[in-house]
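> Need a 3D model of the sequence below.
(2 chains)
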Amino acid sequence: MAQVSSVADKQTTSSKSITLRISRYNPEYDDASRFMEFNVSYEKWTTVLEAILEVKQYFDHSVAVRYSCRQATCGSCGMMINGKPRLACFTKISELDSNVVTVEPMSNFPIIRDLAVKFERLFDTHHKIKPYLIRDDTEIESDEKEFLQSPEEVEQYIQFANCIKCGLCNAACPTMATDSSFVGPQALAQAYRYVADSRDKGKDSRLKMIDESHGIWRCHFAGSCSQVCPKGVDPAMGIQLLRGYLLGFRS
Amino acid sequence: MRESTIMKIHYGTALAAVALVAVHILMRLTMNFAESLEYETVLANYKFIPYALMLELILILLSVHGFNGLRVILLELKQGRTYEKAVSYGCLAAMVGLIAYGSRTIIMVNMGMV
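As a prediction, this is how the structure comes out:
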């Protein structure tokens, strides 16, 4: 059942409006998700998150959405916007070039309610690949004040350090959709981030972890993870580079 | 066996199969298609040991590559410890069975049983 509401009278400066379709689903009560529609006015700078928050403020405060920083840094507001995984705070309505904006929870994630999804699987796999530097000595014990790296060494992994764990790559991954045990592009890209770090000594244990039947080899290189990353990380490339270690092309 | 070892075999068998199947196709081009499939011609091929060995090798390469590919597809379709074991051992058994059946044909021809 659709509910049509309007907030046009609240924004007298705007001349444009869109229909915002929000997926509503509560696993405790609903058998299937349904869409509710709202007419929302927007300016050229209005983001999808702002539109959702406007709906929450003026029409339906029960819409569940996770957000925090509103500047594409915390990675909380990932959702499917017009069928594509995006950060709601980083997506302007004017850029979507559509009179209808449909927001749904991220694919490949279990739904908590409406647009909020569970991140347990992502965090579990991220934790599994040991996302920290592994070595016997520490910066305190070492003669050096810190573990120095050349710019070339930093260049090997720095783009992968930009990951904000928003989960958009996992939402876009076709293998994640069918293989419930797949490690996923986020964790694999982070595995590469630490394997490629010259300060890290935990390469063997990480490679062993991802070298299993639902690990790195199940990536089909669709590349959709790299297309949707809001921080410019290229998980697909990281996965291919990581395969180089396992195939013996890299050491 | 580690997955990386399996995948190395998977890629290796694919490359080797492409090379050997190319040789096989070139050999078949020495005569027309219908003649190539005649009963006597096929038996003659099996009796020519170097060619029979190449056919046997192609059979092994394609069986290993094909059944591992099938295993991978089936593992992505459904997950579960019992299911995954059944798929892995089932594909291995099917691979061995197909190689044994193909080899049997070549051996029977060379032993004069056909």
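> only C-alpha atoms for contact and neighbour calcs from this point on.
Fine.
> May I ask which helix or strand encompasses the most centrally placed residue in chain B?
The geometric centre of chain B, computed from its C-alpha atoms, lies nearest to B:L59 (Cα atoms, centre = their mean), at 2.4 Å. Using DSSP states H and E, B:L59 maps to helix B:49-77.
> which residues of the stretch 51-200 of chain A fall in helices?
Using DSSP state H, counting those that start in this stretch, the helices of the stretch 51-200 of chain A run over A:93-96, A:120-128, A:151-155, A:168-172, A:174-178, A:185-195.
> Just tell me which of those helices ends up closest to chain B.
Closest approach to chain B among the helices of the stretch 51-200 of chain A (Cα to the nearest Cα): helix A:174-178, 6.0 Å.
> Flag every residue of the stretch 51-200 of chain A that's near chain B.
Within the stretch 51-200 of chain A, the residues that sit near chain B (Cα under 8 Å from any Cα of the partner chain) are A:T175, A:T178, A:D179, A:S180, A:S181.
> Which among those residues count as buried?
A:T175, A:D179, A:S180, A:S181 (16 or more other Cα atoms under 10 Å in any protein chain shown).
> for chain B, what helix or strand is lowest in average pLDDT?
The helix or strand of chain B with the lowest confidence, counting by mean pLDDT, DSSP states H and E, is helix B:33-36 at a mean of 86.
> Which residues does that helix contact?
Defining contact as Cα atoms under 8 Å, 6 or more residues apart in numbering or on different chains, one finds that helix B:33-36 is touched by B:R28, B:T41, B:V42.
> Let me know the closest of these to A:S68.
Distance to A:S68 across the contacts of helix B:33-36 (Cα to Cα) is lowest for B:R28, with 67.6 Å.
> Next, the residue in the stretch 1-150 of chain A positioned nearest to chain B: phi, psi?
Taking Cα to the nearest Cα as the measure, the stretch 1-150 of chain A has A:N108 as its residue closest to chain B, at 14.2 Å. Backbone geometry at A:N108, expressed as degrees, to the nearest 10, gives phi 70, psi 10.
> That one reaches A:M176, doesn't it?
Yes: using Cα atoms under 8 Å, A:N108 is in contact with A:M176, at 6.3 Å.
> so what sits against both of the two?
In terms of Cα under 8 Å, 6+ apart, A:N108 and A:M176 are both contacted by the residues A:N170.
> before we move on, the earlier item: would you mind reformatting the contacts of helix B:33-36 (as JSON lines) and adding columns for pLDDT while you're at it?
As requested, the contacts of helix B:33-36 are exported to JSON lines (pLDDT from 0 to 100):
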{"residue": "B:R28", "pLDDT": "88"}
{"residue": "B:T41", "pLDDT": "91"}
{"residue": "B:V42", "pLDDT": "91"}
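> can you list those in JSON lines and add secondary structure, distance to A:W217 and neighbour count?
Below are the contacts of helix B:33-36 laid out as JSON lines (DSSP: H, G, I helix; E, B strand; the rest coil; distance: Cα to Cα, whole Å; neighbours: other Cα atoms under 10 Å in any protein chain shown):
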{"residue": "B:R28", "secondary structure": "helix", "distance to A:W217": "36", "neighbour count": "14"}
{"residue": "B:T41", "secondary structure": "helix", "distance to A:W217": "42", "neighbour count": "12"}
{"residue": "B:V42", "secondary structure": "helix", "distance to A:W217": "39", "neighbour count": "13"}
